[in-house]
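Trainee: Give me a 3D structure for the following:
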Amino acid sequence: GLQDEYHGTRPRSTRCLTFHQNKHLIGVFRTMDSSPTASDDVALANNRTEHHQLTVFQAAPLVWEDRDCNLHPVELLDFARERKALVDGLNDAGDASGERVGLVFETATADRFGAILARGSSSALHISCHGYPGHLCWEDGFGGLQLIAADKLAALVQASSGRKPKLVYVSSCHSRTVGEAFVKAGVPHVICCEQDDLLMDTVTIEFARAFYRALACGRTMREAYDLGMRSLELCPVTSRDFDGKCCQFALLPNDSNHDLPIFRGGGVRRGVESSVVNDVVSVPWIIPCPPNHTIGREVDMYTILRAFRRGRLVKLSGPRGIGKRTLAETVSRYIADRNLFGQVIWIPLVCSIKNCALSSSFEVLCDLLSSECNMKSRYYRHKYNAAISSIIGILHTQEVVLCIDAFGFNEGSMEKLSVFLRDLFRGTAYSKVLVVTQSPDCIIAGDICEETDITLSTLGLRASVLLFGMACKFTSATLPSNLSSPLDLAKKLVLEGQENLKFDSLDLSSKSYQVFHLVGKGFPAEIQTAATEITECDFDRLIHLAEMEECESRLFSTRAALEFHLQLLQQQIEGAVAAGDFSGARDLKSQLDEAEAMTRFLPSISDISGDMKRTRMSLEESIREQD
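Mentor: Model prediction:
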């Protein structure tokens, strides 16, 4: 139902990216999901006999870099929901007879866009990404953001004069300028944002579903466009975001004849979603599906990718509940979908594969690593030598990433793993390994190869609130329009300038500190627990925080003055309850909570005394050492 539209999924988003030196300002975003695939050139060449093909370019850059080389996250769009909407829309036309419509998904890079234009295999191009005035935000091929200027993109289209696409659909904010550039390049039909303005994800996805469904049924461009616009007014999910004036779509050029079909006839086949792969990766290895709620880890993902570009081993660690396994699953899918470093194999295997020597060898290896069997025993050496010989023999010259979940490994298992990795790196040329472990201190591969250690920290305030909002039953489309999504919750609770602060930051305001405390303190596991267990009363209290004025700690010069104020508030609360003024009592309780949050800024007498004692002991120790 409507409640499930955003409960348990990503927050609604605009497709707009804002840059600012030393500051990343993001309006509305969604986050991590399985990313678009890179299409197999051979498969597409075989499908070229039909020009009725829709190619969808999706860009999911992880970071952008400012002039000082600081990395800033780019929260990811919900491409899975968009892909499902496009496939469903085309499949709705499947009962009609006529020519088939192919659906192909590509990663939006300059190279892949040029390849599709060179082949001339698509009559329609759908570009889905973040927007920036006069530009599209595409991927650079390694997880970074590349700004693509509208005129450069149009020049590339114009150069492919042989078989230009009949339709280009630009699904991003600020896309009017880009759309006009495509028109100048000679594209007869262009869909873009009506103005250089924000575009809500829910709106563009629902419009695209209805629009392409109509095109696949053989309708003209004008008819499909009108059906898409009318569907927004009736859809219960988008009617709130669509007011008939903003978030509209433009059909360009204005003076062109749009009473023509793009795909003659109907019918549809499910799209091609294949990757350029080598012999070993034809096996369907399964990567665990990460939770839908992968928020605030874009920079960490990019750090892993950058480490793999210059090395072969990455160790991912962090405290329990920080989201190590979820991040590993997410980045593994990101790598696999783009074939960045070859096939990704998750160990332990999610499921065994019959008649596959590599699968059998990894199963034997996993059993040995988790067993209590001594490495020096004859049984262990026999089984291990057979397994490692098979693995190295198959992966000797193959590009592959092994993601090893060593979360539950004991000291003996980690020692066995170290031996395996040393043998693997000696015997293979291009294999890379990501190890997920609880301990940041263990040394895995010794001096065989350089090891990059990445220790996860807690999430920032905005990411924590978004994650909380997606798991909380009180944040859904059934609520009033001013608080119907995780994004609305973040807008209400997160103060400007506090978005990326962590729970232990002294720069947090007292209000932000209280919000952080209520939503899980930045630990993904605690955030999930807080979101599922919060009561309606506590949720109202959380919302009430946003409506209160910030209480400055400088109003109290000493801890004693603050504690005296706390006593007065407590007495006022008791008086309000006794008088039956429960609304006033709730307001006073919120003031009490905020004042209590300020105690961390003002040390108590015992804290000061303890600091003085430790300082004196340290001084005496230094004097003794000097003597």
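Trainee: Check the gap between residue 372 and residue 423 for me.
Mentor: When distance is defined by C-beta to C-beta, to the nearest Å, residue 372 is 21 Å away from residue 423. (C-beta placed from N, C-alpha, C; glycine too.)
Trainee: Those two: which has the busier surroundings?
Mentor: Neighbours of residue 372 and residue 423, each counted by other C-beta atoms under 10 Å, are more numerous for residue 423; the result is 17 against 7.
Trainee: Let me see the contact set for that one.
Mentor: Going by C-beta atoms under 8 Å, 6 or more residues apart in numbering, residue 423 touches 388, 392.
Trainee: which ones are touching the residue nearest to residue 71 when sequence neighbours are not counted?
Mentor: Closest residue in space to residue 71, ignoring its immediate chain neighbours: residue 63 at 4.5 Å, by C-beta to C-beta, 6 or more residues apart in numbering. Residues counted as contacts of residue 63 (C-beta under 8 Å, 6+ apart) are 71, 72, 73, 74, 143, 144, 145, 298, 299, 302.
Trainee: Between all of those, which two are at the greatest distance?
Mentor: 72 and 143 (13.1 Å; C-beta to C-beta).
Trainee: higher neighbour count, these two?
Mentor: A count of neighbours by other C-beta under 10 Å puts residue 143 above the other of residue 72 and residue 143, at 24 against 20.
Trainee: Wait, that one touches residue 65, no?
Mentor: No. With contact defined as C-beta atoms under 8 Å, residue 143 and residue 65 do not form a contacting pair (11.3 Å).
Trainee: which residues in the stretch 451-600 of the chain form strands?
Mentor: Listed from the start of the chain, the stretch 451-600 of the chain has strands (DSSP state E, counting those that start in this stretch) covering 451-455.
Trainee: how is this protein carved up into domains?
Mentor: Split into domains by automatic domain parsing, the chain comes to 16-31+39-252, 287-455, 551-627.
Trainee: Check these for me and report the most buried one.
Mentor: Burial among the domains of the chain, expressed as mean neighbours by mean count of other C-beta atoms under 10 Å, is greatest for domain 16-31+39-252, which shows a mean of 20.
Trainee: Report the rounded mean pLDDT for that domain.
Mentor: Per-residue pLDDT over domain 16-31+39-252 has a mean of 81.
Trainee: Same question for stretch 473-484.
Mentor: Per-residue confidence for stretch 473-484 averages out to 64 on the pLDDT scale.
Trainee: same deal with stretch 584-594?
Mentor: Averaging pLDDT along stretch 584-594 yields 72.
Trainee: my guess is residue 531 meets residue 465, correct?
Mentor: No. Taking C-beta under 8 Å as the contact criterion, residue 531 and residue 465 are not neighbours in contact, 10.2 Å apart.
Trainee: okay, those two: which has more neighbours?
Mentor: In terms of neighbours (other C-beta under 10 Å), residue 465 is the more surrounded of residue 531 and residue 465; the figures are 32 against 22.
Trainee: which ones are touching the nearest residue to that one once chain neighbours are set aside?
Mentor: Of all residues beyond its chain neighbours, the one nearest residue 465 is residue 490 (4.6 Å), with distances taken as C-beta to C-beta, 6+ apart. Residues counted as contacts of residue 490 (C-beta under 8 Å, 6+ apart) are 11, 462, 465, 466, 469.
Trainee: and residue 340, how far is that from residue 139?
Mentor: Residue 340 sits 10 Å away from residue 139, taking C-beta to C-beta as the criterion.
Trainee: can you list the domains of the chain in CSV and add distance to residue 522?
Mentor: Output for the domains of the chain, formatted as CSV (distance: least, C-beta to C-beta, whole Å):
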stretch, distance to residue 522
domain 16-31+39-252, 15
domain 287-455, 9
domain 551-627, 16
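Trainee: what's the closest of those to residue 526?
Mentor: Minimum separation from residue 526 across those (C-beta to C-beta) falls at domain 287-455, 6.1 Å.
Trainee: tell me how far the ends of that closest one are from each other?
Mentor: Taking C-alpha to C-alpha, to the nearest Å, the first and last residues of domain 287-455 lie 22 Å apart.
Trainee: got it, and stretch 425-441?
Mentor: 21 Å.
Trainee: what's the average pLDDT for that stretch?
Mentor: 91.
Trainee: mind checking how far that stretch is from the chain centre?
Mentor: Here the centre of mass of C-alpha atoms in stretch 425-441, compared against the chain's by C-alpha atoms, centre = their mean, to the nearest Å, lies 24 Å away.
Trainee: list the helices and strands the helix or strand containing residue 393 packs on?
Mentor: Of the helices and strands defined by DSSP states H and E, residue 393 is found in helix 378-395. In terms of contacts (3 or more C-beta pairs under 8 Å, 6 or more residues apart in numbering; DSSP states H and E), helix 378-395 is packed against helix 357-370, helix 411-427.
Trainee: I'd like those laid out as a markdown table, including distance to residue 262.
Mentor: As requested, those are exported to a markdown table (distance: least, C-beta to C-beta, whole Å):
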| stretch | distance to residue 262 |
| --- | --- |
| helix 357-370 | 44 |
| helix 411-427 | 51 |
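Trainee: Out of the ones you listed, flag the one nearest residue 135.
Mentor: Nearest to residue 135, of these and by C-beta to C-beta, is helix 411-427 at 41.3 Å.
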